[in-house]
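S.K.: Give the three-dimensional model of this entry:
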Amino acid sequence: MASILLVEDDDQLRQLLKTLLDGAGYQISEASNGKRVCEMYRQQPCDLVITDLVMPDMEGLELITELRRIDRNVCIMAISGGGRGEGDGYLKAARQLGAQYILAKPFDNDRFLEAVRLVLENQTPGA
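M.R.: Here you go, the predicted structure:
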């Protein structure tokens, strides 16, 4: 069973994604912001980190950079609906920083689960 660390500041969306991932058989850890995630990852590395990009305290782009410093092989999926700037720009930056998959919000449940499956199978899907 693959382990996933889910980082999302929207409580309702985080709970929905956690429920979807649980139902698909994944082992889930969760955080509401990026601040604790690096320490969580150091203590218990996981197979995949799914992170929102626009969050308080530590944005996802900074989190991706920090996770790459801890483990350059960390598997990351970035999700975003925008924020202060253009959402597409955040996602492109996440890809440049090393996210294996980027997914724009809103997305449907099937597309989300398929993206997770592809990333965990180490395929390089298109964005």
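
S.K.: Quick check: chain neighbours aside, which residue is closest to C38?
M.R.: Here the nearest residue to C38 in space, its sequence neighbours aside, is E66; by Cβ to Cβ, 6 or more residues apart in numbering that works out to 5.1 Å. C-betas here are computed from N, CA, C, even on glycine.

S.K.: Other residues contacting the one helix or strand that neighbour maps to?
M.R.: Counting by DSSP states H and E, the element that carries E66 is helix 60-70. In this structure, residues lying in contact with helix 60-70 by Cβ atoms under 8 Å, 6 or more residues apart in numbering are 7, 34, 37-38, 41-42, 49, 51-54, 58, 74, 76, 78, 80, 90, 93-94, 97-99.

S.K.: From these, which land in helices?
M.R.: Per DSSP state H, helices hold the following members of those: V37, C38, Y41, R42, Y90, A93, A94, L97.

S.K.: Pull up the gap between V116 and T65, please.
M.R.: Spatial separation of V116 from T65 under the definition Cβ to Cβ, to the nearest Å is 22 Å.

S.K.: between these two, which one's more packed in?
M.R.: When neighbours are counted by other Cβ atoms under 10 Å, V116 and T65 differ, and V116 comes out ahead with 23 against 12.
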